[in-house]
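S.K.: Quick one, fold the following:
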Amino acid sequence: MSKSSSLAGGAKIYYRPIEAAIRWSGLLRFERRILATLGQRPLPETTEFPRWPLLRLNTERVFDALAHGEMPYGKEGLVRDTQRLAMDDPSLTVRHVDLKAWMAHYYPGEKPAFLFDEVERALHPAVSLDTVGALLAEREVIKARLAEFLSAHETLRVEHEALLKKHAACSADAERANTPGPRSESTYLNIVGGLLTLLLGKSPRGMPYSSFLTQEAIISAMVAHHGNAMGINERTLQAKFALARRNLQRTIL
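M.R.: Just a heads-up that it's a prediction; the model follows:
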């Protein structure tokens with residue numbers, strides 16, 4: 001029980017039945033007036049406090065519990081042999097812990113502030129502190145498992161990013177490997193330029209090396225036979241052939 005709840009509810013170590021009933025009924029601020037009116041009487045008359053009908057009812061409930069052995073009682077806070085202690089004895093008392101246990105069992109829907117703290121009062125009557133403790137323990141287990149899953153997820157994420165970088169590096173290396181350098185490109189262009197010259201050229205006796213008379217005829221034939229291949233189109237071939245002839249010419253010179 002928090003300090004604020006104890007002060008607000010008037011909690012003590014033990015109570016006389018009327019003191020417990022006063023607190024149970026929410027009449028603590030009127031305690032002096034009620035006790036002065038009752039004197040040594042343990043129970044108010046039915047017509048004595050008409051504005052506070054719960055006062056007598058709750059007092060009767062406490063005495064009923066004592067009479068039926070539902071709650072231990074004693075004298076001035078000490079639980080002892082009560083066979084000789086009369087119910088109307090002004091020194092008869094019940095301990096705070098016994099009163100709380102009795103009320104939690106027999107009146108779970110009523111949780112006065114002098115017995116129950118804020119957390120206990122907020123709980124549904126069907127939910128016990130043991131249940132709350134079990135739920136909290138289960139929550140801690142779930143949090144621990146979630147932390148493990150998150151850690152494993154983070155490890156997998158780091159590994160995934162590393163694999164992506166490795167794949168990107170391998171792709172870049174492969175692309176660089178497949179891309180011809182300046183020397184290789186010059187070689188390819190010389191080959192293309194040489195073949196183009198032969199196709200359009202003549203022998204020393206003036207006989208054509210092929211039936212192609214112009215570059216355009218070669219391009220048309222290539223597009224007709226291999227137009228689906230990458231780079232085999234009129235515009236690309238015109239540019240590549242021109243580049244090949246220039247490159248071959250520079251090499252010869």
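S.K.: So what's the gap between stretch 220-228 and the chain middle?
M.R.: 63 Å (Cα atoms, centre = their mean, to the nearest Å).
S.K.: Could I get the buried residue list for it?
M.R.: Buried residues in stretch 220-228, counted by 16 or more other Cβ atoms under 10 Å: Val223. All C-beta spots, glycine's among them, are computed from the backbone N, C-alpha and C.
S.K.: same thing with stretch 28-39?
M.R.: So for stretch 28-39, counting by 16+ other Cβ under 10 Å, buried means 28, 30, 34, 38.
S.K.: From these, pick the one nearest Asp117.
M.R.: Leu28 (16.5 Å; Cβ to Cβ).
S.K.: Could I get the pLDDT score of the closest residue in space to that closest one that isn't next to it in sequence?
M.R.: Sequence neighbours aside, Gly10 is the residue nearest to Leu28 in space, at 4.5 Å (criterion: Cβ to Cβ, 6 or more residues apart in numbering). Looking at Gly10, its pLDDT stands at 85.
S.K.: Equivalent analysis for the one 5 residues further on, please.
M.R.: At Tyr15, the predicted lDDT confidence score is 94.
S.K.: My read is that it contacts Val97, right?
M.R.: No. Using Cβ atoms under 8 Å, Tyr15 makes no contact with Val97, being 11.4 Å away.
S.K.: before we move on, the earlier item: out of the buried residues of stretch 28-39, which are inside helices?
M.R.: 34, 38 (DSSP state H).
S.K.: burial of Asp64, as a residue count?
M.R.: A count of neighbours around Asp64, defined by other Cβ atoms under 10 Å, yields 12.
S.K.: And for Arg139?
M.R.: Neighbours of Arg139 using other Cβ under 10 Å come to 10.
S.K.: Confirm it sits in a helix?
M.R.: Yes. Per DSSP: H, G, I helix; E, B strand; the rest coil, Arg139 lies within a helix segment.
S.K.: how close does the closest residue to Tyr14 other than its chain neighbours sit to Glu19?
M.R.: Distances taken as Cβ to Cβ, 6+ apart put Gly77 closest to Tyr14, at 3.9 Å, once the chain neighbours are dropped. According to Cβ to Cβ, to the nearest Å, Gly77 and Glu19 sit 12 Å apart.
S.K.: and what of Ile13?
M.R.: From Ile13 to Glu19 the distance is 12 Å (Cβ to Cβ).
S.K.: Out of those two, name the residue with the larger neighbour count.
M.R.: Between Ile13 and Glu19, counted using other Cβ under 10 Å, Glu19 has the larger neighbour count: 21 against 9.
S.K.: Test my guess that that one contacts Glu31.
M.R.: Yes. With contact defined as Cβ under 8 Å, Glu19 reaches Glu31; the gap is 7.3 Å.
S.K.: what about the longest strand in the chain?
M.R.: strand 92-95 (DSSP state E).
S.K.: Dump the C-alpha coordinates for the helix or strand that comes right after that one into CSV.
M.R.: Going down the chain from strand 92-95, the next helix or strand is helix 96-106, by DSSP states H and E. This file holds the C-alpha atoms of helix 96-106, laid out as CSV (Å, rounded to 0.1, in the frame of the first residue of the first chain):
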residue,chain,number,x,y,z
HIS,A,96,-5.4,-5.2,9.1
VAL,A,97,-4.1,-8.2,7.2
ASP,A,98,-6.9,-10.5,8.4
LEU,A,99,-9.6,-7.9,7.5
LYS,A,100,-8.1,-7.5,4.0
ALA,A,101,-7.9,-11.2,3.3
TRP,A,102,-11.5,-11.6,4.5
MET,A,103,-12.8,-8.8,2.4
ALA,A,104,-10.9,-9.9,-0.7
HIS,A,105,-12.5,-13.4,-0.3
TYR,A,106,-16.1,-12.5,0.6
